[in-house]
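Visitor: A predicted structure for the sequence below; I have some questions about it.
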Amino acid sequence: MRERLLAFLRIFGPGMLVAATGVGAADLATASFAGSHYGTAILWAVVVGAFLKFVVNEGLARWQLATGTTLLEGVAMRLGRPTMWLFMPYLVLWSFFTGTAMMSGCGVTLHALIPVFDDPAHGKAFFGIAASVIGYGCVWYGGYRLFEKLMAVCIGIMFITVVVMAIVLWPGIGEIARGLFIPSIPDDGGLGIQWTVALIGGVGGTVTILSYSYWIREEGRTSPAALTDCRIDLAAGYLMTALFGLSVVIIGSTVDIARNDAGMLVALSDQLQTHLGPIGRWMFLLGVLGAVFSSLLGVWQATPYIFADTLALIRGRDAGTSLSTAAPAYRWYLFAMATLPAIGLFRSFQDIQRVYAVVGAFIVPLLALALIILNSRAAWVGAEHRNRPLTVLILAATLGFFVWIAVR
């Protein structure tokens, strides 16, 4: 009985990892700020965002289990290796700004918990670099299994503390139901649309969606028989993402926030202290720390995988060949991720967040387009695993949604 329970619980590993990696400081700031300004009326946007990312990630897993190749390998094999040359500079640019955003979020939160510097900028830089070094050491020396255990602890902290606080600040079932089931976009001179779109686009990650390919390989999921496990796993992961995002919006709706940056999360914790006392402030900051450090760990562990995969495909590696975290390309890129983005710590978080959000948003419509092309050919994935009409419709809607964002 105990072995069956443990085997069942292991199903939820990679989905929880990709969900936690997709929730960073920028996403928390967006959800808190949107909740503060527009209340619970935009709760539905969190659910829509999580659902869209679930559909994209399910398609990624379906391709990989049906063909034995990652989505990047599939794109290179079916659409041509030059696509990897186009993807590589985008990945490097995204890595730098994402790394800076991860360090900034951890630095600001840790300085709020341990205010040993008079200048917040110095505290952000010191603690941001310290968090990066710790994350680097855990990934370099601990491998996937230590990473998985640390992520479980971070996920537990972030989920329990933030959801409990949302329950304490619960505005009432009627208000929550209206925000979830009666979609509306606040009329605020166009800003309501922008923040609703940001909430949908920011839920569940961007490039980090590709991480799932490598984590299910680490778990030994390599055949179509594992597709059901992946669907359950992803559904649980994005359900957790949605609940966490809903909780942050609810918490944000109880206070008035005038800024939108990583420091805003600290300002929010200070305001919560007036409602819930010092314990409430500490609980919220611990939840934020769990979220931003788990995101940093996930990015540090998975992005070098994506880089090594892309580089190997450019060099002509055959698709389907497994990568290792001991590969030189993986190790060098991990070191670069943990060090070079620290340069950006000396710029404002809001500037970094803006560029990070813009750069990251490009990948989701590209993934949707790739999945429409690759998974719609029975000759490539088999009749059993090809896209159904509803899936194509949802992926096309995802593509159209992000294109609409881009042209606005």
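Guide: Received the coordinates, thanks.
Visitor: excluding chain neighbours, what is closest to Tyr144?
Guide: Leaving aside its chain neighbours, Tyr144 sits nearest to Glu218 (4.8 Å; criterion: Cβ to Cβ, 6 or more residues apart in numbering). From N, CA and C alone the C-beta is placed, and that goes for glycine too.
Visitor: and the one you found, what are its phi and psi?
Guide: phi -60, psi -30 (degrees, to the nearest 10).
Visitor: okay, now it: neighbour count?
Guide: If you count neighbours by other Cβ atoms under 10 Å, Glu218 ends up with 19.
Visitor: doesn't Gly143 make contact with it?
Guide: No - the criterion here is Cβ atoms under 8 Å, and Glu218 misses it with Gly143 at 9.2 Å.
Visitor: which residues do these two both contact?
Guide: Residues touching both Glu218 and Gly143 by Cβ atoms under 8 Å, 6 or more residues apart in numbering: none at all.
Visitor: contacts made by the helix or strand where Gly174 lies with the rest, please.
Guide: Element membership for Gly174 (DSSP states H and E) is helix 173-181. Helix 173-181 is contacted from outside by Gly39, Thr40, Ala41, Ile42, Leu43, Trp44, Val47, Trp170, Ile250, using Cβ under 8 Å, 6+ apart.
Visitor: got any ranges where the stretch 101-250 of the chain has weak pLDDT?
Guide: Applying pLDDT under 70 to the stretch 101-250 of the chain picks out residues 188-191, 202-205.
Visitor: at 50 instead, please
Guide: By pLDDT under 50, the stretch 101-250 of the chain has no low-scoring segment.
Visitor: what comes up buried for stretch 369-387?
Guide: Under the neighbour-count criterion of 16 or more other Cβ atoms under 10 Å, stretch 369-387 has Leu369, Ala370, Leu371, Ile372, Leu374, Asn375, Trp380, Val381, His385, Arg386, Asn387 buried.
Visitor: out of those residues, flag the one nearest to Ala308.
Guide: Ala370 (19.6 Å; Cβ to Cβ).
Visitor: where do the strands sit along the stretch 151-300 of the chain?
Guide: Here the stretch 151-300 of the chain has no strands by DSSP state E, counting those that start in this stretch.
Visitor: which parts of it are helices?
Guide: Applying DSSP state H, counting those that start in this stretch to the stretch 151-300 of the chain gives helices spanning 173-181, 191-202, 211-218, 227-252, 262-314.
Visitor: quick check: the farthest pair among the buried residues of stretch 369-387?
Guide: Most distant of the buried residues of stretch 369-387, by Cβ to Cβ, are Leu369 and His385, 18.4 Å apart.
Visitor: ok, the residue nearest to Tyr144 to Ala329 distance?
Guide: From Glu218 across to Ala329, the span is 17 Å (Cβ to Cβ, to the nearest Å).
Visitor: show me what contacts Ala378?
Guide: Arg386.
Visitor: show the end-to-end separation of stretch 315-330, please.
Guide: Using Cα to Cα, to the nearest Å, one end of stretch 315-330 lies 15 Å from the other.
Visitor: what mean pLDDT does that stretch have?
Guide: Averaged across stretch 315-330, pLDDT comes to 74.
Visitor: and stretch 377-390, by the same measure?
Guide: Per-residue pLDDT over stretch 377-390 has a mean of 92.
Visitor: got the buried residues for stretch 71-87?
Guide: Buried residues in stretch 71-87 (16+ other Cβ under 10 Å): Leu71, Leu72, Glu73, Gly74, Val75, Ala76, Met77, Arg78, Thr83, Met84, Phe87.
Visitor: kindly apply the preceding question to stretch 236-255 instead.
Guide: Quick answer for stretch 236-255 (16+ other Cβ under 10 Å): 237-255.
Visitor: among the helices of the stretch 151-300 of the chain, which comes closest to Met337?
Guide: When the helices of the stretch 151-300 of the chain are compared by Cβ to Cβ, helix 262-314 sits nearest Met337, at 5.8 Å.
Visitor: what's the angle between that closest one and helix 211-218?
Guide: Helix 262-314 runs at 60 degrees relative to helix 211-218, counting by axes from the mean of the first three to the mean of the last three Cα atoms, to 10 degrees.
Visitor: start the count at 53 instead of 1 going forward.
Guide: Renumbered: residue one is now 53, and that last one reads helix 314-366.
Visitor: is Leu202 in a helix, a strand, or coil?
Guide: Secondary structure state of Leu202, per DSSP: H, G, I helix; E, B strand; the rest coil, is helix.
Visitor: number of residues surrounding the residue lying closest to Ala379 once chain neighbours are set aside?
Guide: Counting by Cβ to Cβ, 6+ apart, Ala360 is the residue found nearest to Ala379 once chain neighbours are left out, at 5.4 Å. Ala360 has 23 neighbouring residues, counting by other Cβ under 10 Å.
Visitor: I'd guessed Ala360 sits against Tyr382; true?
Guide: Yes - here Ala360 reaches Tyr382: they are 4.5 Å apart, a contact under Cβ under 8 Å.
Visitor: which of the helices of the stretch 203-352 of the chain sits closest to Val215?
Guide: helix 279-304 (4.9 Å).
Visitor: packing partners for the closest one?
Guide: helix 65-73, helix 77-90, helix 95-119, helix 172-220, helix 314-366 (3 or more Cβ pairs under 8 Å, 6 or more residues apart in numbering; DSSP states H and E).
Visitor: quick one: average pLDDT of the first one?
Guide: Same thing as helix 65-73. Here helix 65-73 scores 82 as its mean pLDDT.
Visitor: tell me the angle of it relative to helix 95-119?
Guide: Using the same axes, to 10 degrees: helix 65-73 against helix 95-119 is 140 degrees.
Visitor: which SS state does Pro167 fall under?
Guide: Taking three-state DSSP, the label given to Pro167 is coil.
Visitor: got a list of what the residue lying closest to it once chain neighbours are set aside touches?
Guide: Nearest residue to Pro167, sequence neighbours excluded (Cβ to Cβ, 6+ apart): Gly175, at 7.0 Å. For Gly175, the contact set (Cβ under 8 Å, 6+ apart) comprises Gly159, Val160, Leu162, His163, Pro167, Val168, Phe169.
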